[in-house]
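> Quick one, structure for this:
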Amino acid sequence: MASGMKGKQLAEFTPRILAGRYEVGELIGRGGMAEVHVGKDTRLGRTVAIKLLRSDLAKDPAFQTRFRREAQAAASLNHPAIVSVYDTGEDVTVDPAGQTHHLPFIIMEYVEGHTLRELMRDGAALPIDEATDITVGVLSALQYAHHAGIVHRDIKPANIMLTVTGQVKVMDFGIARALAETSETITQTQAVIGTAQYLSPEQARGENVDARSDLYSTGCVLFELLTGAPPFVGDSAVSVAYQHVREAAVPPSTKAPDVPAVLDQIVLKALAKDRNFRYSTASEFLADLEAAKQGRGVSAPPVGPATAATQLLAPTAATAAAAPMSPTPAGGLTGVLPSDEELEEEAERARTKKKRIIIISVIAGVALIVLGILLFMILRGGGDEPPADAVMVEVPAVPESRSEDDAKAVLEEAKFKTERKEEVSEDIEEGKVTRFDPESGQKAEEGSTVVYFVSLGSSALEVPDVASRSQDEARQMLEAAGLEVASKVETADSPTVPKDNVVKTDPAAGQTVKRGATITLYVSTGNNVVPDCAGQTQSECTNALQAAGFTVGDISDQTSEAAPGTVIATSPAAGSTAAQGSPVSIVIARAPDMATVPAVAGLTVGQAKTLLVQAGLVPNVVGDTGDDAKVVAVDPAPDTKVEKGSTVTIRGERPPPPPSPTASP
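Numbers count the residues shown, from 1 in each chain. All right, here's what the predicted structure looks like:
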């Protein structure tokens, strides 16, 4: 019995190991999507953060595929203000019934610090300089990510960390995007409910988002940093989403009088309802914040009586009141959101129900119905209105031939631009056009883009993700999926995938191909390209090297004209290839030690040499080199600043001897 208990205790304390190298430690965070543990990379000997996806989400194959694809995209982001993603994979377990379960995980940089949510729990605003500096850090991360084609989609205080040194770190790139693609409503997951206060209007309406949605969310965060509260609050996620869609944000200074007018301008531009009136890029937003900090003018319009109107609420109250209910192609209804009076009435009922316990069930039922209708209206009927002068054209029918050429011809004849996409179809033969989007018969603005979809047939397949697996495993998985594997294997560098294991495939994982298509494997060389750290700080370069799969070797300094403390070289050099895990040495710029050339003209050569050596300079004597010769010239000139160790040339001369006396006659 004692022996059995001892064995059980040993099993309980045996650490969990992922992918044969990541040791899972204590739980340090829990959210609606995942749990985060501190961990250790036993191969590289470094502390990491391990994010394990929630088991119910991990059971969805579509989510797994999107999660892996997005995690790989996030891993490509290498920026000091972004929490680095080192590795991704999945833990495979077998339950007592013999069924295999795959639990995706992400290995991330371990950051010591606190999230903004933790720092803002007391509801107190931050000092203005600190608030703007934090926002600058967030925007620098978004600027880099957007340039790489990645939209965060979940910017909020809980995803922004401040390290113990005050550095900003943005977390969860990619995960929010993967979840957004699987979420149908605002209330589907706790993760989305928790972020309603930072949703952009287009997210609240269920539309596609772009980089400007991240900038809107950043504007919400800046508003909260300046005032202590988000721009919109309510009793439920839906009521907050309603405000994002329909209500104009107030200037932060109305909540915190010490906020300067220029920050009112910047925040309100970031919070414009119509994304076309927001900052179009993180760079523009950054430029205005930097200008505000330096007391210069900004591009954001001044705040005045017309400011709310410029936000272009979509749709406007007048339009919404007049809009009739109309059937949608799916057979549902598209209408208007309730009036402000109706919304206020519902809010009053919600407050009163706390005191009227006897009828709580009735009020709760009514509230659920109203909120459900409101949510439906937001997501299905809140699209942007076309410009008043837009020419609307009916999308033509798909040609009977269903050929691509004919489909493009009818669309272009109707003055539409075209875009080609592919999809699986059980009914339409391969290579034929299946449908248009917007659909035939609907009206769209003249000159807008209509997508035509080309059938891949009913035998199309999604390429499985075989990254990090051995070649044999990858071949088995691909062939089991009904695909062929090319006999020739290509190679690719990778920061984490072991040598000879699969880095990627062509076509890539997640792409749709015909059954029997040939897939090319790219296997790891065991090497990776040394990143270019020139101009970075030592800390930034360390992060970049570790993200690329290297360790940091010797650190030395060298006199340079570059900014002191920045990296001027690495060994091996940037752009060269080195083995994973190998050390890369860093050379840091050091400001040169300067000396002043002393005034030695008129002194003896011996005296001049002594003074020059004492000043840290190297004397070079020309002319008469005797110590008792007189110095008649100095180069560089006296009082010139030169680097210590520099050579100073002095010219020595002796006065001519006096003439010999001549004998008198």
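
> all strands of the stretch 551-665 of the chain, in order?
Ranges of strands in the stretch 551-665 of the chain, per DSSP state E, counting those that start in this stretch, are 551-559, 567-571, 577-579, 583-590, 594-596, 618-623, 630-635, 641-643, 647-653.

> out of the ones you listed, nearest to residue 462?
Evaluated over these, closeness to residue 462 peaks at strand 577-579, with 32.7 Å, by C-beta to C-beta. Backbone N, C-alpha and C define where each C-beta goes, glycine included.

> Parallel or antiparallel, which strands does the closest one pair with?
strand 527-529 (antiparallel) (DSSP bridges).

> Toward the C-terminus, what is the element adjacent to the partner strand?
Next in sequence after strand 527-529, counting helices and strands by DSSP states H and E, comes helix 538-547.

> Could you name the helices and strands sitting against that following helix?
Applying 3 or more C-beta pairs under 8 Å, 6 or more residues apart in numbering; DSSP states H and E, we find helix 538-547 packed against strand 100-109, strand 551-559, strand 567-571, strand 583-590.

> Just put the ones you listed in TSV and tack on mean pLDDT, mean neighbour count and distance to residue 620.
Below are those laid out as TSV (pLDDT from 0 to 100; neighbours: other C-beta atoms under 10 Å; distance: least, C-beta to C-beta, whole Å):
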stretch	mean pLDDT	mean neighbour count	distance to residue 620
strand 100-109	83	19	53
strand 551-559	88	13	21
strand 567-571	93	20	29
strand 583-590	92	18	25
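
> and of these, who's closest to residue 406?
Once the helices and strands packed on helix 538-547 are compared by C-beta to C-beta, strand 100-109 is nearest, at 43.5 Å.

> Parallel or antiparallel, list what pairs with that closest one.
strand 46-53 (antiparallel), strand 85-94 (antiparallel).

> could I get the strands of the stretch 551-665 of the chain as a markdown table with distance to residue 409?
As requested, these are arranged in a markdown table below (distance: least, C-beta to C-beta, whole Å):
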| stretch | distance to residue 409 |
| --- | --- |
| strand 551-559 | 59 |
| strand 567-571 | 56 |
| strand 577-579 | 50 |
| strand 583-590 | 57 |
| strand 594-596 | 74 |
| strand 618-623 | 81 |
| strand 630-635 | 80 |
| strand 641-643 | 72 |
| strand 647-653 | 79 |
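
> can you tell me which residues contact residue 240?
By C-beta atoms under 8 Å, 6 or more residues apart in numbering, the contact list for residue 240 reads 196-197, 199, 232-234.

> Can you select the buried ones among those for me in PyMOL?
Of the contacts of residue 240, the buried ones go into a single PyMOL selection, burial set by 16 or more other C-beta atoms under 10 Å:
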select buried, resi 196+197+199+232+234
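
> got the contacts of residue 240 as a markdown table, with distance to residue 409 and secondary structure columns?
A markdown table is the format used below for the contacts of residue 240 (distance: C-beta to C-beta, whole Å; DSSP: H, G, I helix; E, B strand; the rest coil):
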| residue | distance to residue 409 | secondary structure |
| --- | --- | --- |
| 196 | 45 | helix |
| 197 | 48 | helix |
| 199 | 41 | coil |
| 232 | 48 | coil |
| 233 | 53 | coil |
| 234 | 50 | coil |
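
> picking up where we left off before, closest one to residue 504 among the strands of the stretch 551-665 of the chain?
strand 577-579 (17.5 Å).

> what about residue 454, which helix or strand?
Short version, using DSSP H and E: residue 454 is in strand 449-455.

> So what are the sheet partners of that strand and their directions?
So strand 449-455, judged by DSSP bridges, has these partners: strand 417-423 (parallel), strand 433-437 (antiparallel).

> tell me the average confidence for that strand?
The predicted model gives strand 449-455 an average pLDDT of 90.

> helix or strand right after that strand?
strand 460-462.

> chain center to that following strand: distance?
When C-alpha coordinates are averaged (C-alpha atoms, centre = their mean, to the nearest Å), strand 460-462 and its chain have centres 30 Å apart.

> And that strand, what does it pack against?
Secondary-structure packing of strand 460-462 (3+ C-beta pairs under 8 Å, 6+ apart): strand 512-514.

> which parts of the helix or strand just after the strand it packs on are buried?
Downstream of strand 512-514, the first helix or strand assigned by DSSP H and E is strand 518-524. For strand 518-524, a neighbour-count test (16+ other C-beta under 10 Å) marks 519, 521-524 as buried.

> Looking at those, which one is closest to residue 43?
residue 524 (14.4 Å).

> Just the residues contacting stretch 432-439, thanks.
329, 395-396, 398-399, 402-404, 406-407, 411, 423, 425, 427-428, 444, 450-455.

> Let's see that with 10 Å instead.
Stretch 432-439 is contacted from outside by 329, 394-399, 401-408, 410-411, 416, 418-425, 427-428, 442, 444, 448-457, using C-beta atoms under 10 Å, 6 or more residues apart in numbering.

> Mind giving me the ChimeraX select for those, buried ones only?
The ChimeraX selection below is limited to those of those classed as buried (16+ other C-beta under 10 Å):
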select :395,396,398,399,402,404,407,408,410,411,416,418,422,424,425,428,444,450,452,453,454,455,456
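
> pLDDT weak spots in this protein?
1-14, 31-33, 55-58, 60-74, 95, 174-195, 304-389, 426, 458-459, 660-665 (pLDDT under 70).

> residues contacting the spatially most central residue of it?
In the chain, the residue lying closest to the centroid (C-alpha atoms, centre = their mean) is residue 145, at 4.0 Å. By C-beta under 10 Å, 6+ apart, residue 145 lies in contact with 73-74, 76-77, 79, 81-82, 151-152, 170, 173-174, 211, 214, 282.

> Now intersect those residues with the strands, please.
residue 170 (DSSP state E).

> one step back: helix, strand or coil for the residue nearest to the centre of the chain?
helix (DSSP: H, G, I helix; E, B strand; the rest coil).

> Distance check, it against residue 472.
Distance from residue 145 to residue 472, counting by C-beta to C-beta, to the nearest Å: 36 Å.

> swap in residue 92?
In this view, residue 92 and residue 472 are 16 Å apart by C-beta to C-beta.

> what about the two, which has more around it?
residue 92 (11 against 8; other C-beta atoms under 10 Å).

> In the beta-sheet assignment, what are the partners of the more buried one?
With DSSP bridges as the rule, residue 92 is bridged to residue 102.

> Provide a list of residues in contact with it.
Neighbouring residues of residue 92 by C-beta under 10 Å, 6+ apart: 18-19, 100-103.

> Check residue 167 too.
Residue 167 touches 80-81, 111, 113, 137, 161, 539-540, counting by C-beta under 10 Å, 6+ apart.

> same thing with residue 537?
Residue 537 neighbours (C-beta under 10 Å, 6+ apart): 80, 543, 563, 565-567, 588.

> again with residue 595
By C-beta under 10 Å, 6+ apart, the neighbours of residue 595 are 612, 614-617, 640-646, 648.
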